[in-house]
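Visitor: Model the following, please.
(one chain, ligands or ions: 1)
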Amino acid sequence: MSDAFEFPRWPESFAAAYRAKGYWTGETLGGMLRRVARSVPDRVAVTDGPVNLTYAELDARADRLAGGLAALGLSPGDRVVVQLPNTVQFVEVIFALFRLGAIPVFALPSDRISEITHIFQISGAKAYVIRDRALGFDYRKIAEEVVSRIPRVERVIVVGDPGAFVPFETLYGRPDERPERAGSDPALVTLSGGSTALPKLIARTHDDYLYSVRASAEICGLTPESVYLCALPAGHNFTLSSPGILGTLCAGGRVVMTTDPSGATAFSLIEREKVTFAALVPSLALAWLHAERTCDLSSLRFLQVGGAKLGAEMAARLESSLGCQLQQVYGMSEGLVCYTRLGDLSERVLNTQGRPISVDDEVRIVDKDDQPVPDGTPGELLVRGPYTIRGYLNAEEHNARAFTADGFYRTGDIVARRDDGYLVVAGRSKDQVNRGGEKIAAEEVEGHLLAHPRVREAAIVSIPDVYLGEASCAFVVADPGGELNAAQIRAFVRGRGVAAYKVPDQVRFVQSLPKTTVGKIDRKELRKQHGGSAAALP
Ligand code: OOB
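Guide: The predicted structure follows:
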């Protein structure tokens, strides 16, 4: 990729309307922290184990780190891949980058060399911020490979033992005195869950992101008394902005970081830190339900569950077992986020995935021919609005398919709208497995399978799983002759350096794969033949 960082923008008429309605204010994420730090300087912003950083300290550290990053040669507009576990440094680094006008590109801790190489290639990033080791993995190994593969990667900054790279601790320099960026500048980049061979990049502006953050904080009633337990990976849109880390900071509340989301650790943190809300994916919520509970969880006001479908029965069990309100969250990195509202009737909270943040989120539910379906009928959800992107970065061809001519994003989700305006997610038309909230693009894993010299054809489909909701199953047509077993296939995919959750949970060998009339693999038919469920458009 060249140094140009262009992404499809909202047409000026829409931008003007979003400004006029007060959604886009021109404030930046760095400016937001400055403002809050001035009003509540001595309140704690982030807790990480024994560390408690006040707003004044966080604000000053972000300035000094921005100065250090500038001294290292980073400039406004530069992209920086951030792959950090849930620690206080995550928050310091992102605000330093916002201050400098450099753009964090969020990688998840589970990403490995395959994903990281792709992220660097498509983002044009030239620096990488990692922790030395976390969750049993040495991230410096990925860094060494990235540096040798991509000459543009000039700087690797390491929290912890830096090895041959730049120690994070030496970056606290003289505060950077640059003026704040404009609200319309890109603030950050995240990756699409994706259904294509390689994930696409999503650029969010300060204006649009901060709007979703502010509005989410308001919907969730956040105040300076709010305490958020950040248990899911910090770099994901749910954790970062719905309302998550940024929403909590925007309200002057406190973020409690943990690298261990297990019930045992989370419960003791809830008791010790008097946590008032947390966000989980359904599989983690299920694990919390089964975890031993000796701690006092009475500070918990509400629990958010999202990222994958939460069944009504489990929703009911969660509410009664944890003794706090439940909030369903249906969102996407591309923008749209729906919430059930606190105080909503239980029927809505249990049976729906909420309603959009904004009255200006334009939701269209359509059939195969893009014609609107009546309320109550499932169809594909298309969306356009003040914080939903108009296109992926450098992906003109894909954008023509993923967005309508008038700018609606095709979510690939099959959704029904009830007459009260709440949405119910019924399935999915995109070729993706939602493995407990972690999204697997079928095409990407199929590419890895096909790289095996003895695999002739391969398809990835979702299969029902009690714990994860969905698991992935690889159907493989192998070359005749010689032995090839499931363990070898799984080891081969793992050996390609992909995130562990993408390694197929099951591998089945078949003689042939069903095809559509145009000769593409018919995944729906495959699921049907093998007992899985298939989402269908009306
Ligand atoms: C969130 O974002 P992504 O980008 O990882 O995944 C988006 C996709 C949606 O298109 C949908 O297929 C699925 O994840 N999804 C849900 C869901 N929430 C997300 N499916 C059923 N029920 C739900 N509650 O996952 C995300 C981003 C911001 C906030 C929350 C989740």
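
Visitor: what does this protein have sitting close to the ligand?
Guide: 193, 237-238, 242, 306-309, 328-333, 337, 353, 411, 413, 425, 428, 434, 439 (CB under 6 Å from any ligand atom). From N, CA and C alone the C-beta is placed, and that goes for glycine too.

Visitor: Please flag which of those residues sit within helices.
Guide: Secondary structure from DSSP state H places 237-238 of these in helices.

Visitor: Quick check, the residue in the chain closest to the ligand?
Guide: Gly331 (2.5 Å; CB to the nearest ligand atom).

Visitor: The spatially closest residue to that residue that is not a sequence neighbour and Arg508: what is the separation?
Guide: Leaving aside its sequence neighbours, Gly331 sits nearest to Val337 (CB to CB, 6 or more residues apart in numbering; 3.6 Å). Computed as CB to CB, to the nearest Å, the Val337 to Arg508 distance reads 36 Å.

Visitor: neighbour-wise, which of those two wins?
Guide: A side-by-side neighbour count of Val337 and Arg508, using other CB atoms under 10 Å, places Val337 first with 25 against 15.

Visitor: quick one: contacts for that one?
Guide: By CB atoms under 8 Å, 6 or more residues apart in numbering, the residues touching Val337 are 212, 216, 241-242, 329-331, 356-357.

Visitor: how much space between it and Gly244?
Guide: 10 Å.

Visitor: and what of Cys473?
Guide: With distances taken as CB to CB, Cys473 is found 32 Å from Gly244.

Visitor: And these two? Which one has more around it.
Guide: More crowded of Cys473 and Gly244, by other CB under 10 Å: Gly244, with 25 against 21.

Visitor: Can you say which of the residues of the chain next to the ligand are buried?
Guide: Buried by 16 or more other CB atoms under 10 Å: 193, 237-238, 242, 306-309, 328-333, 337, 353, 411, 413, 425, 428, 434, 439, out of the residues of the chain next to the ligand.

Visitor: Report how many residues lie close to Tyr211.
Guide: 25.

Visitor: Now Leu326. Its backbone dihedrals?
Guide: phi -110, psi 140 (degrees, to the nearest 10).

Visitor: partners of it in the sheet?
Guide: Leu303 (DSSP bridges).

Visitor: Look at it and say how many residues are nearby.
Guide: Using other CB under 10 Å, Leu326 is surrounded by 24 other residues.

Visitor: One more: Glu380?
Guide: By other CB under 10 Å, neighbour count at Glu380 equals 23.

Visitor: what's the answer for the one 4 residues further on, then?
Guide: By the other CB under 10 Å criterion, the neighbourhood of Arg384 contains 22 residues.

Visitor: could you list every residue that touches it?
Guide: The contact partners of Arg384, by CB under 8 Å, 6+ apart, come to 361-362, 406-409.

Visitor: Any quick ChimeraX command for the buried ones out of the residues you listed?
Guide: Here is the ChimeraX selection string for the buried members of the contacts of Arg384, based on 16+ other CB under 10 Å:
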select :361,362,407,408,409
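
Visitor: In strands only, show me the contacts of Arg384.
Guide: Residues of the contacts of Arg384 located in strands (DSSP state E): 362, 409.

Visitor: Got the phi and psi for the residue at the greatest distance from the centre of the chain?
Guide: Going by CA atoms, centre = their mean, the residue of the chain most distant from its centre is Gly481, 42.8 Å out. Backbone torsions of Gly481, given as degrees, to the nearest 10, read phi 90, psi 130.

Visitor: hang on, the earlier thing: filter the buried ones among the residues of the chain next to the ligand down to the ones in strands?
Guide: Counted as lying in strands by DSSP E, out of those, are 306, 328-332, 337, 411, 413, 425, 428, 434, 439.

Visitor: In TSV, list these along with distance to Trp10 and pLDDT.
Guide: Listed next are these as TSV, based on distance: CB to CB, whole Å; pLDDT from 0 to 100:
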residue	distance to Trp10	pLDDT
Gly306	25	98
Gln328	28	98
Val329	24	98
Tyr330	23	98
Gly331	19	98
Met332	17	98
Val337	18	98
Thr411	18	97
Asp413	22	97
Val425	26	98
Arg428	27	92
Asn434	28	97
Lys439	25	96
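
Visitor: Who's the closest spatial neighbour of Gly194, skipping the chain neighbours?
Guide: In space, and not counting its chain neighbours, Gly194 is closest to Ala441: 4.2 Å by CB to CB, 6+ apart.

Visitor: Flag the shaky bits of the stretch 51-200 of the chain, pLDDT-wise.
Guide: For the stretch 51-200 of the chain, applying pLDDT under 70 flags no range at all.

Visitor: Please name the residues that touch Leu108.
Guide: Residues in contact with Leu108 (CB under 8 Å, 6+ apart) are 83, 233, 235-236, 499.

Visitor: repeat for Cys473
Guide: Contact partners of Cys473, counting by CB under 8 Å, 6+ apart, are 460-463, 504-508, 530, 532.

Visitor: In the sheet, which strands lie alongside the stretch of helix or strand it belongs to, parallel or antiparallel?
Guide: Under the criterion of DSSP states H and E, Cys473 resides in strand 469-478. Sheet pairing of strand 469-478 (DSSP bridges) gives strand 455-465 (antiparallel), strand 506-509 (parallel).

Visitor: most neighbours per residue, which of these?
Guide: Highest mean neighbour count among those (mean count of other CB atoms under 10 Å): strand 455-465, with a mean of 20.

Visitor: Give me the contacts around it.
Guide: Here strand 455-465 makes contact (CB under 8 Å, 6+ apart) with 431-435, 440, 442, 445-446, 449-450, 470-479, 484, 489, 504-506, 512-513, 521, 523, 526-527, 530-533.

Visitor: can I see the domain layout of the protein?
Guide: Domain assignment for the chain, taken from automatic domain parsing, gives 29-206, 432-529.

Visitor: Burial-wise, tell me which of those comes out on top.
Guide: By mean count of other CB under 10 Å, the domains of the chain have domain 29-206 as the most buried, with a mean of 20.

Visitor: any idea how far that domain is from the chain center?
Guide: Its chain's average C-alpha position is 16 Å from that of domain 29-206, according to CA atoms, centre = their mean, to the nearest Å.

Visitor: same question, stretch 279-290
Guide: 17 Å.

Visitor: name the element Leu449 belongs to?
Guide: Using DSSP H and E, Leu449 sits within helix 442-450.

Visitor: That helix - contacts with which helices or strands?
Guide: The contact analysis (3 or more CB pairs under 8 Å, 6 or more residues apart in numbering; DSSP states H and E) places helix 442-450 against strand 455-465, strand 469-478, helix 486-495.

Visitor: Since that was my last question, I'll sign off now.
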